[in-house]
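Asks: A predicted structure for the sequence below; I have some questions about it.
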Amino acid sequence: MGRRAKYWSLAEKQAARRAQQRSYARTSNYRARKQRSSQNHTAYMKRIADSELIKPSLPSVLPLALIALAVAPLPDSPLFRQALYDAEALDESELRHWDNDPPYLQPEPANTVEEGRFTKNLVDVMLGHRLHLENEARQYRACRHAAGGGGELATELHTIATKTFREWVHLHSILPNCKARRHRELAESLLQWRARIVYSYGNEVKQLERGGNPYR
């Protein structure tokens, strides 16, 4: 019960966390961490591109099921917005395993109203957290594009979209085997997120290849 309470009372600890963050933001450690984050993102993008010796194209027409998920609205709950705008209030170590495919090692919870509410809250937190990270990545791409890196960006985004499409197809195929309610709903949210990445990155690549600026 100790872990799940944070998703129901996230606002209660934000004041203390923000005060701690303001103090930390004035330190050299914070500035160094932000610089490392940018460097790590560059290295990550390069590793993905370098690992794909053969870059198969995305299908010319994406599956309708993927498009439907990609354009489906995200939640607008308080927990979603808190995770989106105040990601420092979250313990990312407790969220990472939900970014992987099932089966999950977490025990199957009881089928109760309380557990169902917690599962919904957790889905909202995960989607808000993912969107926060993607917004940061998009800002970084905008800076690279402004510096003349549009061609390189198009190649990297195409590679990521292709890889994510393969992961979406795999998760879509194994989802019926996910029986526990929480595990299934978290896997469905991951499926939706991968669909958004494939769809949005594909559109971003098209604009870049036409010489446009998708970051305006």
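Replies: Perfect, thanks for sending it.

Asks: Can you list the buried residues in the helix of greatest length in the chain?
Replies: In the chain, assigned by DSSP state H, the helix with the most residues is helix 113-146. With burial defined by 16 or more other CB atoms under 10 Å, the residues of helix 113-146 counted as buried are 118-132, 141, 144-145. C-betas here are computed from N, CA, C, even on glycine.

Asks: got the angle between the helix or strand that it is followed by and helix 113-146?
Replies: As assigned by DSSP states H and E, the chain's next helix or strand after helix 113-146 is helix 150-174. Helix 150-174 and helix 113-146 are oriented at 160 degrees to each other (axes from the mean of the first three to the mean of the last three CA atoms, to 10 degrees).

Asks: Would you indicate which residues of helix 150-174 are buried?
Replies: Using 16+ other CB under 10 Å as the test for burial, helix 150-174 gives 150, 153-165, 167-168, 171-172.

Asks: Ok, stretch 107-114 next?
Replies: Quick answer for stretch 107-114 (16+ other CB under 10 Å): Pro109.

Asks: what about it, how long is it end to end?
Replies: Taking CA to CA, to the nearest Å, stretch 107-114 runs 16 Å from one end to the other.

Asks: Touching that stretch from outside, list them.
Replies: Contacts to stretch 107-114, defined as CB atoms under 8 Å, 6 or more residues apart in numbering, come from residues 115, 118-119, 180-183.

Asks: need these in TSV with pLDDT, can you?
Replies: Compiled in TSV, the contacts of stretch 107-114 are given as follows (pLDDT from 0 to 100):
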residue	pLDDT
Glu115	93
Phe118	94
Thr119	94
Ala180	92
Arg181	92
Arg182	94
His183	95
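
Asks: could those residues be laid out in CSV, adding distance to Leu66?
Replies: As requested, the contacts of stretch 107-114 are exported to CSV (distance: CB to CB, whole Å):
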residue, distance to Leu66
Glu115, 30
Phe118, 28
Thr119, 24
Ala180, 24
Arg181, 24
Arg182, 24
His183, 21
